[in-house]
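1. Provide a 3D model corresponding to the input given below.
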Amino acid sequence: IALKNGLAFDSTQRIKAGLMFSLDQLALQNGDAYTTTKSLLAEAEKWLTTDSGREISADDLAAGLISLARENKVIGEDGRIYLTRPYNAEVQIAEHLNRLVKNASENEFTDEAIQKQIRIVERQFDINYDESQVSAIIDAVKAPIFLLTGGPGTGKTTIINGIVNTFARLHEYS
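-> Residues are numbered from 1 along each chain as shown. So this is what the prediction gives:
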């Protein structure tokens, strides 16, 4: 696209765009917020090489990457290259999670007390939680942070309803 719009093959703008696109693609493919310098440079070289076989020099790629870092568009840390926005989001999330854990109060409920409230919730909503769902509800009620995962149709919404209603009953919110 850049070449068709009149940018020179080795223009800094084209190289930086190729690096940004490559970083975005690699992060998307790998499910990460980063990639390694080696992978990034190889991917960018692939995208920036033309059908005529012309290649961008390693020095031009490195200069483009340094320029992106100076412009705060990428961040390099521990051999990893991040797009700035996802990097900052991850740092902020980690800080919030750390704050939540540090400020969490001690759980005052026993497993038995929680299970008793779960049984009431089951009756109230005509639900029968299986053993793994009960375990998840207990773990969530006791934990300062809880991550619930699962594929479609595995009962995440049902478990969340159980967590909310059990927590509310335990804390006399209902």
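
2. Check which residues of stretch 21-40 are buried.
-> Buried residues in stretch 21-40, counted by 16 or more other Cβ atoms under 10 Å: 22-23, 25-27, 34-35, 39-40. For glycine as for every other residue, the C-beta is placed from the backbone atoms N, C-alpha and C.

3. And stretch 130-150, by the same measure?
-> So for stretch 130-150, counting by 16+ other Cβ under 10 Å, buried means 133-134, 136-138, 140-141.

4. What's the mean pLDDT across it?
-> Stretch 130-150 shows a mean pLDDT of 93.

5. Test my guess that Ala136 contacts Ile160.
-> No: between Ala136 and Ile160 there is no contact under Cβ atoms under 8 Å: 9.6 Å.

6. A strand includes Lys81, no?
-> Just so we're on the same page, residue 81 is Ile rather than Lys. Yes: with DSSP: H, G, I helix; E, B strand; the rest coil as the criterion, Ile81 is part of a strand.

7. That one: neighbour count?
-> Neighbourhood size, Ile81 [other Cβ atoms under 10 Å]: 25.

8. Please apply the same query to the one 4 residues further on.
-> Applying other Cβ under 10 Å, we find 11 residues neighbouring Arg85.

9. Mind checking which of the buried residues of stretch 130-150 land in helices?
-> Using DSSP state H, the subset of the buried residues of stretch 130-150 located in helices is 133-134, 136-138, 140-141.

10. ok, now which ones touch the nearest residue to Phe21 once chain neighbours are set aside?
-> Nearest residue to Phe21, sequence neighbours excluded (Cβ to Cβ, 6 or more residues apart in numbering): Trp47, at 6.3 Å. Counting by Cβ atoms under 8 Å, 6 or more residues apart in numbering, Trp47 touches 18, 21-22.

11. before we move on, what about Ile56?
-> 9-10, 15, 18, 44-45, 48-49.

12. need the contacts of Trp47 in CSV with pLDDT and secondary structure, can you?
-> Converted to CSV, the contacts of Trp47 look like this (pLDDT from 0 to 100; DSSP: H, G, I helix; E, B strand; the rest coil):
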residue, pLDDT, secondary structure
Gly18, 94, helix
Phe21, 94, helix
Ser22, 95, helix
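
13. which of the contacts of Ile56 are buried?
-> With burial judged by 16+ other Cβ under 10 Å, the buried subset of these is 9, 15, 18, 44-45, 48.
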